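Student: Sequence first, then the predicted structure, then my questions.
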Amino acid sequence: DGGGGEGGEGGETESEAAVAPAKAAGKAKVKRAGKAKPSKEDKAAAMAARMAALSLKEAGGVLCACDDLPFFQRSGKYATKRKNMSMDIRIGDIRMCAGKQELLDRAVLALNYGVKYGLVGRNGVGKTTLLRQLSEGLIRLPSFLNVVHVEQEIAGDERSAIETIVQADGEREWLLKVEQALLDGDDSLEAELGISLNEVYERLEEVDSDHAESRAAQLLSGLGFDHEMMQMPTRAHSGGWRMRIVLAQALFLKPDLLLLDEPTNHLDIHALTWLEFFLANWERTVLIVSHDRGFLNKTTTATMFIHGKRLRYYGGNYDTFLRVRAENRAHSSAMAKQNERRVAHLKGFIARFGHGAKNLAKQAQSRMKILQRIQDEPCEVDFDDPYLRLQFPSASPLPPPCITVANVAFGYPLADGSIPKTLYQNCDFGVDCESRVAIVGPNGAGKSTFLKLLTGEIEPTEGHVGRHAKLVVAKFTQHHIEMMDPEKSSVNHMRSLTQEGVSVEEARKYLGRFGLSGDLALNPIKFLSGGQKSRLAFAELAWRSPHILLLDEPTNHLDLETIEVRGGRERRPREESEARLRHGRAALRQ
């Protein structure tokens, strides 16, 4: 089975069997990602048009007919049509590009309904691009499928979190508007829309309208919202909490295909545990990109691996994928070596007896046919790309302590100068050049704020933070990545860091140590994946030869292999100290 279904730990397949039904349905027309990708303005206009369709038309003063709204799937005749449709997805001959880089070539997408897939692969192979093309229709899915992609936070407005979630259900909102219009006595509306008040009630019951707010509240509660936060305007929430609202919206809509890109990035341990349990019991198809190995192991039942511009499928979670792939590679490698020995033996026999006695020459001709068959059907070995090690040069040693925190307290002041809430009080500790410090706590506890105190970006309200006069501190944050000039190349970005300037060749050689080689180093930063941008940020940090690294969510966009290699390297003694702010459990153990 190309989809790597829930049953068994089946090995890798290229899902070639899925190509036949895909061809029968017609090849997918795939637009190149970098050329036809909708802009933010296009997306905003499309969303505005969709929501406008739910309101009264200015010219005619009547509601749109249901047939004019393409997102109705769960009630009425549309639900009846869907019952006879296969919810499995089979699309062959997919070609996908980002800018000038080809990411997929003649790949096969095969998703079995109800299976939860982990999408894995090295940074830059196209994981995020694949999710975007699926959600934006650049890779065409069956029109009756409801697809939801969780990627970006919502823009804040005056609506509460509860209202934002329930109003995301366009079908329910339209039915409620029709209900109100019919109750207001508009007799012509029933004939115009072709729907009676009784049918509206039936369809509202089909979409479980009465329990919408309670369902939304349960989802928000699981993601860490208390009652007061649920009623707050979304504009009052931080970006991390808005991302949770987007995630709750997606779960509320119960899509046929749920696309999650790094869903754990803004979750604390309690929300993460809840989401793991929720998705483990999810009965629809899910495709998840995540750097969190434990999360993938607890939520996924199959693995889709992007490698060699193809989509390869494995049954089981991430750990099962690693084990089965290693077994397959060992078997393929053994077969390849056996074939090499056999080819050498056949070539020797042919060279020795090809022109000898008649009976030996005949045997030599027979062996030539065997040799040709072996060479025509070589045993493919799934070679791994070399692991990337993020290398930080050793800084000149400093006598301890590098940073001293003495009786520190802090709280953000209000406009009148008063301090409403103290985040920390009576903090006393020191950071030396060999320290490894993990900063943990729930969202809003002040973890990122504490890093700002260490760097001197803000001052404590009480106490003192002292730093060695020669101390060099480098800080990694997602905000730092967002501030990079998207039009610059990685090479030019690195060259701009020093007044003396470095040559293009020196910058390219340096970036190659961080996995940014070839065209990647010369392309504009906007074409880099999230993980590649993180690598560029690490390259910039290492350039400074810091004594102390302050890492605020450093693994959010790195691939799993790089995260694990980072952990393995950082367990060895090193002259830099590190304060790491992380939600990832495995990263903290390392």
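Tutor: That came through, no problem. All of these numbers come straight from a predicted model, not from anything done at the bench.
Student: tell me, what residue is most central in the chain?
Tutor: The centre of the chain sits closest to residue 261, judged by Cα atoms, centre = their mean, with a distance of 2.7 Å.
Student: what's near enough to touch that residue?
Tutor: 127, 128, 131, 149, 150, 151, 289 (Cβ atoms under 8 Å, 6 or more residues apart in numbering). For the C-beta atoms, the positions are set from N, CA and C on the backbone; glycine is no exception.
Student: Any figure for the gap between the closest residue to the first one other than its chain neighbours and residue 244?
Tutor: Of all residues beyond its chain neighbours, the one nearest residue 127 is residue 289 (4.8 Å), with distances taken as Cβ to Cβ, 6 or more residues apart in numbering. Computed as Cβ to Cβ, to the nearest Å, the residue 289 to residue 244 distance reads 18 Å.
Student: what's the answer for residue 281, then?
Tutor: Residue 281 sits 19 Å away from residue 244, taking Cβ to Cβ as the criterion.
Student: quick one on the thing from earlier: beta-bridge partners for the residue nearest to residue 127, please?
Tutor: residue 261 (DSSP bridges).
Student: Likewise for residue 431?
Tutor: For residue 431, the beta-bridge partners under DSSP bridges are residue 403.
Student: pLDDT score for it?
Tutor: Per-residue confidence for residue 431 comes out at a pLDDT of 87.
Student: again, but for residue 324
Tutor: 90.
Student: next one: residue 17
Tutor: At residue 17, the model reports a pLDDT of 36.
Student: for residue 51, same thing?
Tutor: We have a pLDDT of 44 for residue 51.
Student: Assumed residue 437 was part of a strand.
Tutor: Yes. Remark: residue 437 belongs to a strand, assigned using DSSP: H, G, I helix; E, B strand; the rest coil.
Student: my guess is it meets residue 447, correct?
Tutor: No. Here residue 437 does not reach residue 447: they are 11.4 Å apart, not a contact under Cβ atoms under 8 Å.
Student: related to what we said a few turns ago, report pLDDT for the residue nearest to the centre of the chain.
Tutor: pLDDT, residue 261: 91.
Student: can you check the one 3 residues further on too?
Tutor: What the model reports for residue 264 is a pLDDT of 87.
Student: Give me the secondary structure label for it.
Tutor: Applying three-state DSSP: residue 264 is coil.
Student: try residue 474
Tutor: strand.
Student: what is it paired to in the beta sheet?
Tutor: Judged by DSSP bridges, the bridge partners of residue 474 are residue 549.
Student: so what's it up against?
Tutor: By Cβ under 8 Å, 6+ apart, the neighbours of residue 474 are 541, 542, 544, 546, 548, 549, 550.
Student: Need the worst-confidence member of those residues.
Tutor: Scoring those by pLDDT puts residue 544 last, at 83.
Student: got the buried residues for the strand or helix carrying residue 347?
Tutor: Secondary-structure assignment from DSSP states H and E places residue 347 in helix 318-353. Burial within helix 318-353, assessed by neighbour count using 16 or more other Cβ atoms under 10 Å, is assigned to 318, 320, 321, 322, 324, 325, 328, 332, 346, 349, 350, 353.
Student: Distance of the fourth one relative to residue 525?
Tutor: In this structure, residue 322 and residue 525 are separated by 32 Å, where distance is defined by Cβ to Cβ.
Student: Where does the residue nearest to residue 311 when sequence neighbours are not counted sit: helix, strand or coil?
Tutor: Excluding the flanking residues, the one nearest residue 311 by Cβ to Cβ, 6+ apart is residue 107, at 4.7 Å. State at residue 107, reduced to three classes by three-state DSSP: strand.
Student: Could you list which residues are in contact with residue 107?
Tutor: So residue 107 contacts 93, 94, 95, 96, 309, 310, 311 (Cβ under 8 Å, 6+ apart).
Student: number of nearby residues for residue 104?
Tutor: Residues lying near residue 104 (other Cβ atoms under 10 Å) number 25.
Student: And residue 441, by the same measure?
Tutor: 13.
Student: Shouldn't it be within a helix?
Tutor: No. Per three-state DSSP, residue 441 lies outside any helix segment and is coil.
Student: what sits against the residue nearest to it when sequence neighbours are not counted?
Tutor: The spatial neighbour of residue 441 that comes closest, neighbours along the chain excluded (Cβ to Cβ, 6+ apart), is residue 447 at 5.5 Å. Applying Cβ under 8 Å, 6+ apart, we find residue 447 in contact with 439, 440, 441, 552, 581.
Student: rewinding a little: list the contacts of the residue nearest to residue 127.
Tutor: Shown in contact with residue 289 (Cβ under 8 Å, 6+ apart): 119, 120, 127, 128, 131, 260, 261, 262.
Student: Looking at those, which is nearest residue 401?
Tutor: residue 262 (35.7 Å; Cβ to Cβ).
Student: picking up where we left off before, what subset of the contacts of residue 289 is buried?
Tutor: 119, 120, 127, 128, 131, 260, 261, 262.
Student: Pipe those residues into CSV and attach distance to residue 220 per row.
Tutor: Formatted as CSV, these follow (distance: Cβ to Cβ, whole Å):
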residue, distance to residue 220
119, 27
120, 30
127, 28
128, 26
131, 24
260, 17
261, 21
262, 20
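Student: for these, which one is nearest residue 336?
Tutor: Residue 336 lies nearest to residue 120 out of the buried ones among the contacts of residue 289, by Cβ to Cβ, at 24.5 Å.
Student: Just give the closest residue to the closest one, not the sequence neighbours.
Tutor: residue 305 (5.5 Å).
Student: ok, now residue 237?
Tutor: Leaving aside its sequence neighbours, residue 237 sits nearest to residue 156 (Cβ to Cβ, 6+ apart; 6.6 Å).
Student: which secondary structure element contains the one you found?
Tutor: Using DSSP H and E, no helix or strand contains residue 156.
Student: Please verify my assumption that it contacts residue 232.
Tutor: No. Taking Cβ under 8 Å as the definition, residue 156 is not a contact partner of residue 232, at 10.0 Å.
Student: Looking at the two, which is more packed in?
Tutor: Higher neighbour count among residue 156 and residue 232: residue 156, with 18 against 15, using other Cβ under 10 Å.
Student: mind listing what the more buried one touches?
Tutor: Neighbouring residues of residue 156 by Cβ under 8 Å, 6+ apart: 233, 234, 235, 236, 237, 242.
Student: where's the fourth one relative to residue 222, distance?
Tutor: Spatial separation of residue 236 from residue 222 under the definition Cβ to Cβ is 21 Å.
Student: Of the two, which one has the most company?
Tutor: More crowded of residue 236 and residue 222, by other Cβ under 10 Å: residue 222, with 18 against 12.
Student: Just to check, that one is in contact with residue 267?
Tutor: No. In this structure residue 222 lies outside contact range of residue 267 using Cβ under 8 Å: 10.4 Å.
Student: more neighbours, residue 281 and residue 244?
Tutor: residue 244 (26 against 7).
Student: measure that one to residue 552 for me?
Tutor: Remark: distance between residue 244 and residue 552 (Cβ to Cβ) = 18 Å.
Student: Name the nearest residue to residue 533, ignoring sequence neighbours.
Tutor: In space, and not counting its chain neighbours, residue 533 is closest to residue 481: 4.9 Å by Cβ to Cβ, 6+ apart.
Student: who's in contact with that neighbour?
Tutor: Neighbour list for residue 481: 533, 534, 536, 537 [criterion: Cβ under 8 Å, 6+ apart].
Student: My reading is that the first one lies in a helix. Confirm?
Tutor: Going back to what we said before, that points to residue 533. Yes. The assignment for residue 533 (three-state DSSP) places it in a helix.
Student: quick one: pLDDT of it?
Tutor: pLDDT for residue 533: 85.
Student: so it touches residue 525, yeah?
Tutor: Yes. Assessed by Cβ under 8 Å, residue 533 is found in contact with residue 525 at 6.6 Å.
Student: Tell me which of these two has more neighbours.
Tutor: Using other Cβ under 10 Å, the more surrounded residue of residue 533 and residue 525 is residue 533, with 22 against 18.
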